[in-house]
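In: structure of the sequence below:
(one chain, ligands or ions: 1)
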Amino acid sequence: MNERVKILDVNVDSVTMTQAVERVTEIIETGSPELVATANAEMLMMSTHDAELNRILNAARLVVADGAGTVWAARHLGKSMPERVAGYDLVQELMKLAPSKSWKFFLFGSSPGIADKAKAKAEKLYPGIKIVGTRNGYFSAADEPEIIAQIKQAEPDILLAALGVPKQEKWLFAHMNELQVPVNIGVGGTFDVMAGAVKRAPLWMQRAHLEWLFRAMLQPSRAGRLIALPKFVMKVHKQKKDVSS
Ligand code: UDP
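Out: Okay, the predicted model is just below:
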């Protein structure tokens with residue numbers, strides 16, 4: 001078992017991408033439902049004032065460091081965090097492996113048509129992949145029994161939910177025992193990127209740890225959310241001081 005690093009109130013797994021994929025493989029082989037969370041600075045900040053989200057993240061089987069902020073925080077606290085494991089990249093790695101493992105995916109979330117486009121893209125990129133169902137992420141409570149029945153009938157090994165944070169984590173956690181899908185991952189904007197509806201930052205920006213800036217530039221409605229980042233830095237710094245004093 002790898003080390004877990006407590007960042008603010010969440011235990012984040014100190015894993016490489018390869019180790020994260022191995023952990024997901026173990027969950028599928030074991031078969032009981034588990035949550036996998038991809039924690040960026042915004043999610044970690046949200047969890048400081050959302051007790052339900054905090055409880056869910058700490059009950060997750062695997063929490064990867066999605067974002068330069070999470071990797072920085074772990075290292076600032078003097079702990080090891082080998083690399084960033086972005087949710088989008090984790091999904092691509094799992095999809096790449098899926099045909100040889102016969103893993104089945106269900107894509108739940110995003111605007112109507114987006115999950116279908118993401119499915120078509122995955123089938124093109126990863127020949128032989130089995131995507132056994134899609135459903136958009138705009139629904140009322142009255143629609144939920146039908147959505148649950150659709151997912152159960154499809155019997156996926158991996159359920160990807162793109163409903164935004166924290167809705168996706170809360171929805172998956174509330175329903176995973178009923179659904180009995182082994183791997184449940186909240187994937188945010190992954191289908192939008194796969195469908196070509198939203199662009200991912202160019203590699204040079206990802207490498208310069210500036211993906212957050214690119215997303216804010218592209219979707220100015222997100223810019224207000226950036227205020228969480230300096231708050232995150234201050235809180236991590238305080239955590240470090242509290243530990244060492
Ligand atoms: N979304 C959804 N249902 C909702 C709210 C959001 O399906 O009720 C989708 C939205 O269309 C988008 C994704 O959830 O595809 C959220 O993406 P975003 O990049 O904003 O994720 P976050 O940064 O919140 O994780």
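In: okay, CA-based contacts and neighbour counts for the rest of this
Out: Fine.
In: can you get me a residue count around L90?
Out: The tally of other residues near L90 (other CA atoms under 10 Å) stands at 21.
In: let me fix that, I meant to ask about R135.
Out: Neighbour count for R135, taken as other CA under 10 Å: 21.
In: what residues does this structure have near the ligand?
Out: G109, S110, S111, G137, Y138, A162, L163, G164, V165, G188, G189, D192 (CA under 6 Å from any ligand atom).
In: give me the average confidence score over stretch 218-234.
Out: Averaging pLDDT along stretch 218-234 yields 87.
In: do the same with stretch 41-57
Out: 97.
In: pull the distance from that stretch to the chain's centre.
Out: 14 Å (CA atoms, centre = their mean, to the nearest Å).
In: show the subsequent helix or strand relative to the helix or strand of the chain with the lowest mean pLDDT.
Out: Of all helical and strand segments in the chain, the minimum by mean pLDDT, DSSP states H and E falls on helix 211-218, at a mean of 87. Once helix 211-218 ends, the next helix or strand along the chain (criterion: DSSP states H and E) is helix 228-244.
In: how far away from the center of its chain is that next one?
Out: 23 Å.
In: run a quick neighbour tally on S140.
Out: The burial count for S140: 7, using other CA under 10 Å.
In: quick one: pLDDT of it?
Out: At S140, pLDDT is 97.
In: and if you look at H76?
Out: pLDDT, read off for H76, is 96.
In: shouldn't R55 be within a helix?
Out: Yes: under DSSP: H, G, I helix; E, B strand; the rest coil, R55 sits within a helix.
In: from the ligand, how far out is it?
Out: 18 Å (CA to the nearest ligand atom, to the nearest Å).
In: do the same with V181
Out: Taking CA to the nearest ligand atom, one finds V181 at 19 Å from the ligand.
In: what kind of secondary structure is that residue in?
Out: Applying three-state DSSP: V181 is coil.
In: can you tell me how far it is from V85?
Out: 22 Å (CA to CA, to the nearest Å).
In: equivalent analysis for S244, please.
Out: S244 is 28 Å from V85, by CA to CA.
In: the two: which is more packed in?
Out: V85 (25 against 8).
In: surely that one meets S14?
Out: No: using CA atoms under 8 Å, V85 is not in contact with S14, being 9.9 Å away.
In: now do the shared contacts for those two.
Out: V64, A65 (CA atoms under 8 Å, 6 or more residues apart in numbering).
In: quick one: contacts for A68?
Out: Contacts of A68 (CA under 8 Å, 6+ apart): N40, R84, H209.
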